[in-house]
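Participant: one predicted model, sequence on top.
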Amino acid sequence: MGLLNWSSSSHFDHSGDCACSQCGKPTPMRSHAGEAVHKVCAEDWNDRNPSAPRHQHEGRDLGTSRYHSDPPRKSRKDGAR
């Protein structure tokens, strides 16, 4: 699968750390579903579960339905983001 793009601030929980669902260590990171998980642990899970259902956005594979990348941002007309 490769690296996930979790650049959205919604993946960071400012209220505090919770135990990662994969390794059990504390993390402020959250999946799209709000599950506490380190990004690297989510990427590892994706790699270990290649047949898991996929999340698609406009025909692009963004990863498994459990852990997937943020959809690409629409760029402005001038090309700036």
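Facilitator: Yep, it's here. Fair warning: this is a prediction, and the values are worked out from it, not measured in the lab.
Participant: can you report phi and psi for D47?
Facilitator: Dihedral pair for D47: phi -70, psi -40, per degrees, to the nearest 10.
Participant: so where's this structure uncertain?
Facilitator: Residues of the chain meeting the criterion pLDDT under 70: 1, 75-81.
Participant: 80 - rerun?
Facilitator: 1, 74-81 (pLDDT under 80).
Participant: excluding chain neighbours, what is closest to C41?
Facilitator: Leaving aside its sequence neighbours, C41 sits nearest to Q22 (Cβ to Cβ, 6 or more residues apart in numbering; 3.8 Å). Just so you know, the C-beta spots here come from the backbone N, C-alpha and C atoms, and that holds for glycine as well.
Participant: neighbours around that neighbour, how many?
Facilitator: 18 (other Cβ atoms under 10 Å).
Participant: any figure for the gap between it and E43?
Facilitator: 10 Å (Cβ to Cβ, to the nearest Å).
Participant: show me the helices in the chain, by range?
Facilitator: Assigned by DSSP state H, the chain shows helices spanning 39-48.
Participant: where exactly do the strands run in it?
Facilitator: If you assign secondary structure with DSSP state E, the strands in the chain sit at 18-19, 26-27, 54-57, 60-64.
Participant: quick one: these as a markdown table, columns for mean neighbour count too.
Facilitator: Shown next, in a markdown table, are the strands of the chain (neighbours: other Cβ atoms under 10 Å):
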| stretch | mean neighbour count |
| --- | --- |
| strand 18-19 | 14 |
| strand 26-27 | 16 |
| strand 54-57 | 14 |
| strand 60-64 | 17 |
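Participant: reformat those strands as CSV; add distance to K74.
Facilitator: Putting the strands of the chain into CSV (distance: least, Cβ to Cβ, whole Å) gives the following:
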stretch, distance to K74
strand 18-19, 32
strand 26-27, 29
strand 54-57, 12
strand 60-64, 13
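Participant: closest one to H38 among those?
Facilitator: Closest to H38 of those is strand 26-27 (Cβ to Cβ; 4.9 Å).
Participant: noted, bye for now.
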